[in-house]
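Participant: Build me a structure from this.
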Amino acid sequence: MSSRLAAGLPAVIAAAGVVAGAVIETGLPVPPSQWMLIVLGLLLPVPGWLLASRRPEVRLGWLLLAGGVCFGLAIFGAGLAARGHSTPLIALAAGFYGLTWIFVPLLFPDGRLPSRRWRPVAWISGIAIAAHTAGIALIGYDPYQPLVLPATGGGLVAAMAATVGQFVTWVMAVVVYCGLVLRWRRSERAERGQYAWMVGGMTATLAGGVLMMIASTGGPEVAAIGVVAVLAALPTAIVVAVVRYRLLDIRIGVRGSRLHLVFDVRPTVDEVLSDLGTTLDATPEPVELLGGLAAVVRGGLEVRWAAVRLADGTRVVAGHEEGAVALTVPVRDGHIECGPREDGGGLTRGDRRFLEALAVPAGLAIQSAGLVTRLVNAQEAERRRIERNIHDGVQQQLVALIAGLELARATGAGPDMLALLREQARQTLTDLRELAAGIHPSSLSQGGLVEAVEERCSRLHVRTTVTSAPSLRAARFSDEVEGAMYFTVSEVVANALKHADAGAIEVRLSRSGGRLHATVTDDGKGFDPRTAGRGGLATLSDRMDALGGGLEIVSEPGKGTRMNAWVPVDG
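Facilitator: Numbering: from 1, shown residues only. Below you'll find the predicted structure:
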């Protein structure tokens, strides 16, 4: 609603200026010629308001409104001048011609310069229009004679500024027109209709300007034709581009049994990002998250189908997949594919920019989905490991212990059997403690990270040293941080024993720069991280990523392994 109000204000000013100027110039009743001027003057603010209110982020609509305001105020100034009131407002006609002849075609269709090479043209044109406007504000101007050089009254400097500015404006208008024609010839099929109407509108506009210039020799009929062409050709071309070729994805249709125009528009990038955030919050499951992302992309681009493909081959499609892939954009850990438009048209460069704007948040969503999947798989694998250890170890020992107790009761066992059963019970208790230590050791809850790591490493059968700053021993961190660092160190140490045949292991714990660091170094046989499987390492890395940290493995065959892990902490 705010964009409609912001666009409506200049549209009202432009319309009011034209109406007031035409009425003031001739008085009441208004002759047919002035009614024609009023109608023609109202044509430009209409597409300007439509584009600016529906696509406020695109400059094209605001340029049309600015041109309409300049023309409206210039006509208002001309009306005052006809009544003997001198006013510089009439000079704003130069701004109208400069904006509509140069900047509107230059920034067509998406409000951007065609390339960086056009920046000098834009700057030179802006300076020329400003000089032209300032100069003629001092020396007088006829808004119906845009190509007639101003008189030299009112000061030599002002006359020179007006003359040079006007001449440069002509030249830049021709340059921009040629560039527009070239872009039309090179445009894609989906945009060719838009460019064709714009080229036709600008051709008629410039031709109308020439007719207005020669009106003094061609008569009033020639002047009238020129005025109609200058005021009507450009807005007509833009309206046709909107209605027929969906310029800037704005659609105009009829709804209901009675005539009821419906103005619809494709969502902006901000609106799609808002929908994407809502979708991600409502879909915690990874597959549903990818499906929601594909659905948001499909709705934003209005294509028949959209798909999200992960690097591991996972692919989720929204919509009925028919037709070849029309657009593919890579994102982090995957890419997004889009099918053809629902209306059968082709995807444009604007569609690609639209999708590229979604690449970063979409990539984060894909990465999040992969992270959640790996964490869920890791949790399930850990649950199965604990279940297997209980079944194969402690459970069997308890069964044997119960059987032994039953036998002892039935046979009246002596001291030797009772001593054996007591030893079995102690061993079962020890195994239970070891199993609990693999879940969450009591030393970690009671003594902190350093003490838990020292206790873990004290039971190893190879030489292991644990080094930490004295201040770190008494420091406590959140359960998530301490648990992640402890299990990361434990897993790396276990890998060094199982797979690296290490003879010595060094663990170093430290805190610096707002980070808690853990470094595990062994003298084992090492490996090539680029070719080794990343099952366990990926789980450890995901633990760190989930806390905003990171993990790095440095190793070479025959040179041992060093693991660096860190997580952010306060202080």
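
Participant: I'd say Leu60 and Arg54 touch.
Facilitator: No - Leu60 lies out of contact with Arg54 (Cβ atoms under 8 Å); the separation is 11.2 Å. (Glycine included, C-beta is placed from N, CA and C.)

Participant: Tell me the secondary structure of Leu516, please.
Facilitator: Following DSSP: H, G, I helix; E, B strand; the rest coil, Leu516 is assigned to strand.

Participant: Tell me how far the closest residue to it other than its chain neighbours lies from Gly447.
Facilitator: Nearest residue to Leu516, sequence neighbours excluded (Cβ to Cβ, 6 or more residues apart in numbering): Val569, at 4.6 Å. With distances taken as Cβ to Cβ, to the nearest Å, Val569 is found 18 Å from Gly447.

Participant: In this structure, mark out all the strands, start to finish.
Facilitator: For the chain, the strands defined by DSSP state E occupy 250-254, 261-265, 305-310, 315-319, 327-331, 334-338, 463-468, 504-512, 515-522, 550-555, 561-568.

Participant: which one of the ones you listed has the lowest average pLDDT?
Facilitator: Lowest mean pLDDT within the strands of the chain: strand 261-265, a mean of 49.

Participant: Show me where the stretch 351-500 of the chain has its helices.
Facilitator: Ranges of helices in the stretch 351-500 of the chain, per DSSP state H, counting those that start in this stretch, are 359-389, 395-411, 415-439, 442-447, 449-458, 470-473, 479-498.

Participant: The fourth one: how far from the chain's middle?
Facilitator: Spelled out, it's helix 442-447. Helix 442-447 has its C-alpha centroid displaced from the chain centroid by 45 Å (Cα atoms, centre = their mean, to the nearest Å).

Participant: Take the strands of the chain and write them to CSV, including mean neighbour count and distance to Met485.
Facilitator: Putting the strands of the chain into CSV (neighbours: other Cβ atoms under 10 Å; distance: least, Cβ to Cβ, whole Å) gives the following:
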stretch, mean neighbour count, distance to Met485
strand 250-254, 14, 55
strand 261-265, 12, 51
strand 305-310, 22, 29
strand 315-319, 18, 35
strand 327-331, 17, 31
strand 334-338, 22, 30
strand 463-468, 16, 12
strand 504-512, 17, 8
strand 515-522, 22, 5
strand 550-555, 16, 11
strand 561-568, 20, 7
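
Participant: for these, which one sits closest to Leu107?
Facilitator: Ranking those by proximity to Leu107 (Cβ to Cβ) places strand 250-254 first, at 16.3 Å.

Participant: which residue packs closest to Ala52, ignoring adjacent ones?
Facilitator: Nearest non-adjacent residue to Ala52, counting by Cβ to Cβ, 6+ apart: Gly61, 3.3 Å away.

Participant: Need the phi and psi values for the residue nearest to Leu516.
Facilitator: When read as degrees, to the nearest 10, the backbone of Val569 gives phi -140, psi 160.

Participant: Around it, count how many other residues there are.
Facilitator: 17 (other Cβ atoms under 10 Å).

Participant: pretty sure it contacts His517?
Facilitator: No - taking Cβ under 8 Å as the contact criterion, Val569 and His517 are not neighbours in contact, 9.9 Å apart.

Participant: rewinding a little: weakest of the helices of the stretch 351-500 of the chain by average pLDDT?
Facilitator: Mean pLDDT per stretch puts helix 359-389 lowest among the helices of the stretch 351-500 of the chain, at a mean of 66.

Participant: ok so, going back, for Asp416, find the nearest of the strands of the chain.
Facilitator: Ranking the strands of the chain by proximity to Asp416 (Cβ to Cβ) places strand 463-468 first, at 38.3 Å.

Participant: And that closest one, what does it pack against?
Facilitator: Applying 3 or more Cβ pairs under 8 Å, 6 or more residues apart in numbering; DSSP states H and E, one finds that strand 463-468 makes contact with helix 449-458, strand 504-512.

Participant: what packs against the first one?
Facilitator: Think helix 449-458. Here helix 449-458 touches helix 442-447, strand 463-468, helix 470-473, helix 479-498, strand 504-512, going by 3+ Cβ pairs under 8 Å, 6+ apart.

Participant: Make JSON lines out of the ones you listed and add distance to Leu420.
Facilitator: Shown next, in JSON lines, are the helices and strands packed on helix 449-458 (distance: least, Cβ to Cβ, whole Å):
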{"stretch": "helix 442-447", "distance to Leu420": "28"}
{"stretch": "strand 463-468", "distance to Leu420": "34"}
{"stretch": "helix 470-473", "distance to Leu420": "41"}
{"stretch": "helix 479-498", "distance to Leu420": "31"}
{"stretch": "strand 504-512", "distance to Leu420": "36"}
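
Participant: The ones you listed: which one's closest to Ala318?
Facilitator: Closest to Ala318 of these is helix 479-498 (Cβ to Cβ; 34.6 Å).

Participant: on that earlier part again, pretty sure the residue nearest to Ala52 is touching Val46, no?
Facilitator: No - applying Cβ under 8 Å as the test, Gly61 and Val46 come out as separate, 10.7 Å apart.

Participant: Which residues are in contact with each of Val569 and His517?
Facilitator: Counting by Cβ atoms under 8 Å, 6 or more residues apart in numbering, the contacts common to Val569 and His517 are Arg511.

Participant: The stretch 101-250 of the chain: helices as residue ranges?
Facilitator: Under DSSP H, counting those that start in this stretch, the stretch 101-250 of the chain gives helices at 104-107, 119-139, 156-186, 189-213, 215-218, 220-245.

Participant: Nearest to Ala22, out of these?
Facilitator: helix 220-245 (12.4 Å).

Participant: Show me what the closest one is packed up against.
Facilitator: So helix 220-245, by 3+ Cβ pairs under 8 Å, 6+ apart, packs with helix 32-43, helix 45-54, helix 59-82, helix 189-213, helix 215-218, strand 250-254.

Participant: could these be laid out in a markdown table, adding distance to Ala15?
Facilitator: Formatted as a markdown table, the helices and strands packed on helix 220-245 follow (distance: least, Cβ to Cβ, whole Å):
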| stretch | distance to Ala15 |
| --- | --- |
| helix 32-43 | 5 |
| helix 45-54 | 6 |
| helix 59-82 | 7 |
| helix 189-213 | 20 |
| helix 215-218 | 26 |
| strand 250-254 | 20 |
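
Participant: of the ones you listed, which approaches Gly550 most closely?
Facilitator: helix 59-82 (41.8 Å).

Participant: which other helices and strands contact that closest one?
Facilitator: With contacts taken as 3+ Cβ pairs under 8 Å, 6+ apart, helix 59-82 sits against helix 2-26, helix 32-43, helix 45-54, helix 93-98, helix 104-107, helix 220-245.

Participant: right, and those helices - which one's nearest Ala134?
Facilitator: That would be helix 93-98 among the helices and strands packed on helix 59-82, by Cβ to Cβ, at 9.0 Å.

Participant: So what's the gap between the closest one and the chain middle?
Facilitator: Computed by Cα atoms, centre = their mean, the chain-centroid distance of helix 93-98 equals 36 Å.

Participant: With adjacent residues omitted, what lies nearest to Ala207?
Facilitator: Ala229 (6.1 Å).

Participant: Which residues are in contact with that neighbour?
Facilitator: Ala204, Thr205, Ala207, Gly208, Gly209, Leu211.

Participant: got a winner among those for most neighbours?
Facilitator: Going by other Cβ under 10 Å, Thr205 tops these with 25 neighbours.

Participant: Contact partners for it?
Facilitator: Here Thr205 is in contact with Thr100, Trp101, Ala229, Val230, Ala233, Leu234 (criterion: Cβ under 8 Å, 6+ apart).

Participant: Quick check: the gap between the fifth one and Leu206.
Facilitator: Counting by Cβ to Cβ, the separation of Ala233 from Leu206 is 9 Å.

Participant: And the second one, by the same measure?
Facilitator: Trp101 sits 7 Å away from Leu206, taking Cβ to Cβ as the criterion.

Participant: if we can go back for a sec, please tabulate the helices and strands packed on helix 59-82 in a markdown table, including the columns mean pLDDT and distance to Val199.
Facilitator: Below are the helices and strands packed on helix 59-82 laid out as a markdown table (pLDDT from 0 to 100; distance: least, Cβ to Cβ, whole Å):
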| stretch | mean pLDDT | distance to Val199 |
| --- | --- | --- |
| helix 2-26 | 87 | 25 |
| helix 32-43 | 88 | 19 |
| helix 45-54 | 84 | 17 |
| helix 93-98 | 91 | 19 |
| helix 104-107 | 92 | 9 |
| helix 220-245 | 83 | 8 |
